[in-house]
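Enquirer: Generate coordinates for the sequence data below:
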Amino acid sequence: MIFDSHSHTEFSADSEMKAEDALQKAKEEGVGLVFTEHLDLDYPGDMDFTFDPQVYWQSYEKYRGDTLRLGVEIGMNEAICEQNEAFVQKVPFDLVIGSQHIVDGQDIYYPAYYEGKTKKEAFHRYYELMAENLRRHGAFIDVLGHIDYISRYAPYDNPEVSYGDFHEDIDDILRAAIETDTVMELNTRRLSSRRALKELMPVYKRYQELGGKYITLGSDAHVAENVAMNFAAAAELAEMAGLQLVTFKARRMEACPR
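Expert: Sure thing, here's the model as predicted:
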């Protein structure tokens, strides 16, 4: 079974998705699901991107099994690395995603991060920090989340990852993933766009060329209707890149038969 290994229920500050609705949608789509609630301990805004792991576990353990796993998506930054590591030990998470949401104290969701920056400057710093923080967090995360997160919000004419322009930065991230045995995620949110597919293909082909073997698929769903979105396109991209689809259970990697 293919798993959607990145989703957010109401334990995440920016989601109101009910577990039962997500599970029903996953059943309809014929996929397994991993809840990966947000933990951004250094979030600079008013929202509280933390949750009580014990309450989370007590609430959802009854659903956990062959088709549902329980995980966390941690925001990576140097100042909170030790706190992040301590958090993931509090309950027996199945899967831990590490993601770069905050750059130099700014949430890259908001326009303020890009003000006064060229695309080269904004993307370089994002990629640079991602590689650095992956090496810091690699000992206790399983998956690197959405390398193209910045492309959702960047206000430039071409907001795409642009491997050709940033190949040195992206190669450093891919090498860091391989060095730390961290699996790359293919986030499927943007894959309805042919442009996004075209731009992401060289990233994942390069990952395979450098020695990467495995990939998770994650919709990053915050509403039930987005569970498993664009999975057909994602599975095709993974096959073309020569990568095996996987998920995690009790922090151990499992192959996802197609």
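
Enquirer: Strands of this protein, residue ranges please.
Expert: 3-4, 32-39, 68-75, 95-99, 102-103, 106-107, 143-144, 183-187, 214-218, 244-249, 252-255 (DSSP state E).

Enquirer: quick one: strands adjacent to the last one?
Expert: Yep, that's strand 252-255 we're talking about. Applying DSSP bridges, strand 252-255 is found paired with strand 244-249 (antiparallel).

Enquirer: Then the third one?
Expert: Sheet pairing for strand 68-75, assigned by DSSP bridges, gives strand 32-39 (parallel), strand 95-99 (parallel).

Enquirer: Save those as JSON lines, and put in mean pLDDT too.
Expert: Output for those, formatted as JSON lines (pLDDT from 0 to 100):
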{"stretch": "strand 32-39", "mean pLDDT": "98"}
{"stretch": "strand 95-99", "mean pLDDT": "98"}
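
Enquirer: Redo the ones you listed as a markdown table? Include distance to Tyr109 and mean neighbour count.
Expert: For glycine as for every other residue, the C-beta is placed from the backbone atoms N, C-alpha and C. Shown next, in a markdown table, are these (distance: least, Cβ to Cβ, whole Å; neighbours: other Cβ atoms under 10 Å):
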| stretch | distance to Tyr109 | mean neighbour count |
| --- | --- | --- |
| strand 32-39 | 12 | 26 |
| strand 95-99 | 12 | 27 |
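
Enquirer: Let me have the strands of the chain in CSV, adding distance to Glu16 as columns.
Expert: CSV is the format used below for these (distance: least, Cβ to Cβ, whole Å):
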stretch, distance to Glu16
strand 3-4, 18
strand 32-39, 13
strand 68-75, 17
strand 95-99, 20
strand 102-103, 23
strand 106-107, 20
strand 143-144, 24
strand 183-187, 21
strand 214-218, 19
strand 244-249, 25
strand 252-255, 30
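
Enquirer: out of those strands, nearest to Asp171?
Expert: strand 183-187 (12.7 Å; Cβ to Cβ).

Enquirer: by contact count, what packs against the closest one?
Expert: strand 143-144, helix 167-179, helix 194-210, strand 214-218, helix 231-241 (3 or more Cβ pairs under 8 Å, 6 or more residues apart in numbering; DSSP states H and E).

Enquirer: Return the mean pLDDT over that strand, rounded to an integer.
Expert: Strand 183-187 shows a mean pLDDT of 98.
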